[in-house]
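# Task: produce atomic coordinates for the following.
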Amino acid sequence: MTWDVLGIGIDEPLDRAWPPEQKPPLFRRPELLTHPNLPKPLHGVNPRTVMGQKWWNEKRQEAYAKNNYCCWACGTHKSVSLYRDWLEAHEAYEVDYPNGRMEIKEIVALCHACHNFIHSGRLYNTLNEDNEGKFLFVLRRGLRILKENALQPYWGTLFVLEKYKGATDTDAMARLASRGIIPNEVSMARWEDWRLIIDGVEYPPKFANLDEWREHYERPPGEPARRGSDRP
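So this is what the prediction gives:
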């Protein structure tokens, strides 16, 4: 990918300082910023709900401490990270789209900016919160880190950028395809065949199909569920 086609300027210097009284990061793993979006069939199915809050709290606290309370992706110490002065836990998965398998590999710790960069849908929602400045900063910052480390962004992140620049969904996909950014089409497992895998145990989707998913995630706040649906 040619970086100048992005059209938003990503060459501003980044501040990855940490307070002198704190230990510096033991490692940086910028490749975490290339994590793909999760498949819709497994939305709402995750380790924290399956394994319980006690398990989740233990795993995330281990992740926070493992890198001296610095972001695993960029190395920023939590006390000087932007937007929030704490780390956020993120589940890193290995996703097998043709066979419908999503296996948890590890729990990692990210600063708020890196975490929002990974979740492109969440990032785009900052525009709905009338926070264009945050949207652009998080996007530029994440892309700059990837460029510095010779890494390519996940195509879904660039899809969000095209949408921000005014493209329709169809036009955004066409632009990315013309640049060779969208990967070759891969076969996708049937909705009902998807499974989350934790320690070898498989867990099925929360929603039976795409219609149920839409009923849950796309219903306007405060609007009651459709008749016949028992979804909250």
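
# the helices in the protein, which residues?
Ranges of helices within the chain are 47-51, 53-66, 112-118, 120-128, 132-148, 155-164, 169-178, 210-217, based on DSSP state H.

# unless I'm mixing things up, Tyr154 is touching Leu32, no?
No: in this structure, Tyr154 is not within contact of Leu32 by Cβ atoms under 8 Å, at 10.9 Å. Using the backbone N, CA and C atoms, a C-beta is placed for each residue, glycine as well.

# any idea how far Arg122 lies from Glu106?
20 Å (Cβ to Cβ, to the nearest Å).

# what's the average pLDDT for stretch 164-180?
Across stretch 164-180, the average pLDDT comes to 89.

# Check stretch 132-149 too.
Averaged across stretch 132-149, the pLDDT comes to 91.

# Tyr164 is in contact with Asn128, isn't it?
No: with contacts counted by Cβ under 8 Å, Tyr164 stays clear of Asn128, the gap being 11.7 Å.

# So between the two, which is more surrounded?
Neighbours were counted for Tyr164 and for Asn128 using other Cβ atoms under 10 Å; Tyr164 has more, 17 against 8.

# Now do the contacts for that one.
With contact taken as Cβ atoms under 8 Å, 6 or more residues apart in numbering, Tyr164 is in contact with Tyr124, Leu127, Phe135, Leu139.

# out of these, who's nearest Glu21?
Nearest to Glu21, judged by Cβ to Cβ, of the contacts of Tyr164 is Leu139 at 31.6 Å.

# Can you tell me the closest non-neighbouring residue to that closest one?
Closest residue to Leu139 apart from its sequence neighbours, by Cβ to Cβ, 6 or more residues apart in numbering: Leu161 at 6.4 Å.

# give me the number of residues near that neighbour?
24.

# On the pLDDT front, check the closest residue to Thr34 other than its chain neighbours for me.
Spatial nearest neighbour of Thr34, excluding adjacent residues (Cβ to Cβ, 6+ apart): Tyr154 at 5.2 Å. As predicted, Tyr154 sits at a pLDDT of 91.

# please begin residue numbering at 3 from this point
I'll keep to 3 as the first residue from here, and by that count the last item is Tyr156.

# Please look at Asp173 and Glu164 and confirm they touch.
Yes: Asp173 lies in contact with Glu164 (Cβ under 8 Å); the separation is 7.3 Å.

# Counting neighbours, go ahead and name the busier of those two.
Glu164 (20 against 13).
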